[in-house]
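Asker: Model the structure of this input:
(one chain, ligands or ions: 1)
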Amino acid sequence: MNIIDIINKTKRSEALSDEEIKWLVAGFTDGNIPDHQMSAWLMAVCFNGLTERETFSLTMAMRDSGDVLDLSGFGKITVDKHSTGGVGDKTSLIIGPAAAACGVAVPKMSGRGLGHTGGTIDKLESIPGYRTDLSFDEFSDIVRKTGFSIISQTGKICPADKKIYSLRNVTGTVDSIPLICASIMSKKLAMNADCILLDVKYGSGAFMKTKEEAQVLASLMEKIGRYAGKKCRAMITDMNDPLGSNIGNALEVAEAVEILQGRKKGVLYELCMDITANMLELAGKGSLSECRTMAEEAVSSGKALDILRRTIELQGGDGRICDDISLLPKARFSHEIRASHDIKILSVNSSEIGMASLILGAGRLSAGDSVDMSAGIVMNCHAGDMVSEGDVLMTLYSSVCSDFSEAAVRAYRAVSFCSI
Ligand code: URA
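Answerer: Numbers count the residues shown, from 1 in each chain. Have a look, this model is predicted:
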């Protein structure tokens, strides 16, 4: 086989065989195919796409570049969930304990964030003492005890994706639906849970800007999951407004705890209950409406919060944050943005709010950057709200940045409103 023939075939929209795709992925992962040739192939995919069969072969070749986990020892159906990411998305911290409280196992591996705000692992590391670098045996032991654990993804899962994704990031080849699908699904299939629930987001703060694009990605990911023998379902959800009120690592953990304490309802709570219900239905726990009731009871009874507390403690963290969120890191500086007159909020641009959080220190621009766990934004306003002159629209927090001018301008511009 020859890399130039492979690049030319994709350039001419001729389908590659399974063997050619396996050879390409293995060759790039072990260093025999250099970055410039892989970049040329990735760009050809961006222009011409891949067939479903090619996307499936690419996903499986990437999955098989590393370990495929054995989750059969939990004695329960295992359910994984993946969200394509957005601003203020702390759903994993809520749906994991809620689904576990209803009798399924939720073993999850997540990543650190690049851009806007931290990833799920950054959020969890804002809990004092919480360890995310557990061995597979430690991880399994916690899932056996509580039904739920989240650790950081080891280098042994999909090394091909790690290498390809780094190259896509610097070659303008991230926004290709088959490449996104293969990247996400190879990691989900390597985790190897029985059921996979995908939350595909669209809107200003998401990879997919329109609902139509999200539908194409969702349907492709569902098919690839099912071809691989999994129960797989994709939900399509709106990521135009930030999800919930809090954006930033410790602030998002605090909001997740408030939801599990039953003290906060609204869009985030509703989405988490819908996701949990879909996970439970996929796992055969009942009809969708029965599963929704089970999910709500898991929260109202306090069982989901107990699971989060026990999991945090077993991972070395301070479980008392589940009763007292003031034990989470607190910012040294804060800044309020108030309404200058009476207004109606028309929309809040998540992407801009994410960028303001990044300026405050809540996210990272390059992989090695450190993150300010206390930084972020608490939104007091959402699309449709009427706000009176002088009311606080949002509060900005940071421990590393005491000059709020740049972040405040960006955050204020994110809110579009009309006078009333
Ligand atoms: N998330 C991933 O893991 N991969 C992509 O390509 C895009 C989002």
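
Asker: List, one by one, the residues from the stretch 251-400 of the chain near the ligand.
Answerer: On the criterion C-beta under 6 Å from any ligand atom, the ligand has no neighbours in the stretch 251-400 of the chain. The C-beta positions use only the backbone N, C-alpha and C, and glycine is treated the same way.

Asker: all helices for the stretch 251-400 of the chain, in order.
Answerer: Secondary structure of the stretch 251-400 of the chain, counting by DSSP state H, counting those that start in this stretch: helices at 267-282, 288-300, 303-314, 350-360.

Asker: For these, give me JSON lines that also has mean neighbour count.
Answerer: Output for these, formatted as JSON lines (neighbours: other C-beta atoms under 10 Å):
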{"stretch": "helix 267-282", "mean neighbour count": "23"}
{"stretch": "helix 288-300", "mean neighbour count": "18"}
{"stretch": "helix 303-314", "mean neighbour count": "22"}
{"stretch": "helix 350-360", "mean neighbour count": "25"}
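
Asker: Tabulate those in CSV, adding columns for mean pLDDT.
Answerer: Output for those, formatted as CSV (pLDDT from 0 to 100):
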stretch, mean pLDDT
helix 267-282, 98
helix 288-300, 98
helix 303-314, 98
helix 350-360, 94
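
Asker: Make JSON lines from these and add distance to residue 244 to it.
Answerer: Shown next, in JSON lines, are the helices of the stretch 251-400 of the chain (distance: least, C-beta to C-beta, whole Å):
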{"stretch": "helix 267-282", "distance to residue 244": "4"}
{"stretch": "helix 288-300", "distance to residue 244": "15"}
{"stretch": "helix 303-314", "distance to residue 244": "16"}
{"stretch": "helix 350-360", "distance to residue 244": "11"}
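
Asker: backbone phi and psi for residue 265, please?
Answerer: phi -120, psi -160 (degrees, to the nearest 10).

Asker: To what extent is it buried, counted in neighbours?
Answerer: 11 (other C-beta atoms under 10 Å).

Asker: separation between it and residue 244?
Answerer: Distance of residue 265 to residue 244, given as C-beta to C-beta, to the nearest Å: 11 Å.

Asker: One more: residue 63?
Answerer: Using C-beta to C-beta, residue 63 is found at 32 Å from residue 244.

Asker: Kindly report the same for residue 321.
Answerer: Distance from residue 321 to residue 244, by C-beta to C-beta: 17 Å.

Asker: residues in contact with residue 353?
Answerer: Listed by C-beta atoms under 8 Å, 6 or more residues apart in numbering, the contact set of residue 353 reads 87, 88, 205, 242, 247, 377, 379, 411, 414.

Asker: Surely the first one is within a strand?
Answerer: So the one you mean is residue 87. No - membership of residue 87 in a strand is not supported by DSSP: H, G, I helix; E, B strand; the rest coil, which gives coil.

Asker: Would you check how far apart it and the ligand are?
Answerer: For residue 87, the distance to the ligand (C-beta to the nearest ligand atom, to the nearest Å) stands at 14 Å.

Asker: So that residue is in contact with residue 348, correct?
Answerer: No - counting by C-beta atoms under 8 Å, residue 87 stays clear of residue 348, with 9.5 Å between them.

Asker: out of those two, which sits in the more crowded spot?
Answerer: residue 87 (32 against 25).

Asker: Tell me, domain by domain, which residues of this protein belong where.
Answerer: Domain ranges of the chain: 3-49, 72-156+172-322, 330-419, per automatic domain parsing.

Asker: quick one, which of these is nearest to residue 59?
Answerer: Proximity to residue 59 (C-beta to C-beta) singles out domain 72-156+172-322 among the domains of the chain, at 4.4 Å.

Asker: Quick check: buried residues in stretch 146-161?
Answerer: For stretch 146-161, the neighbour count (16 or more other C-beta atoms under 10 Å) marks 146-154, 157-161 as buried.

Asker: And for stretch 402-413?
Answerer: Neighbour-count burial for stretch 402-413, with 16+ other C-beta under 10 Å as criterion, is recorded at 404, 407, 408, 410, 411.

Asker: Identify the residues contacting the nearest residue to residue 55 once chain neighbours are set aside.
Answerer: Distances taken as C-beta to C-beta, 6 or more residues apart in numbering place residue 178 nearest to residue 55, at 4.4 Å, with adjacent residues excluded. Residue 178 sits next to 45, 49, 50, 54, 55, 58, 220 when contact means C-beta under 8 Å, 6+ apart.

Asker: Please apply the same query to residue 77.
Answerer: So residue 77 contacts 104, 105, 194, 195, 283, 284 (C-beta under 8 Å, 6+ apart).

Asker: Of all pairs in those, which one is the farthest apart?
Answerer: 105 and 284, at 13.5 Å, using C-beta to C-beta across the contacts of residue 77.

Asker: Comparing these two, which shows the higher neighbour count?
Answerer: Shown here are residue 105 and residue 284; by other C-beta under 10 Å, residue 105 has more neighbours (25 against 12).

Asker: Do you know the pLDDT at the residue in the chain positioned nearest to the ligand?
Answerer: Closest to the ligand within the chain is residue 183: 3.4 Å, counting by C-beta to the nearest ligand atom. Residue 183 carries a pLDDT score of 96 in this model.

Asker: What of residue 395?
Answerer: Confidence score, pLDDT, at residue 395: 98.

Asker: so it touches residue 336, yeah?
Answerer: Yes - if you go by C-beta under 8 Å, residue 395 and residue 336 touch, sitting 5.1 Å apart.
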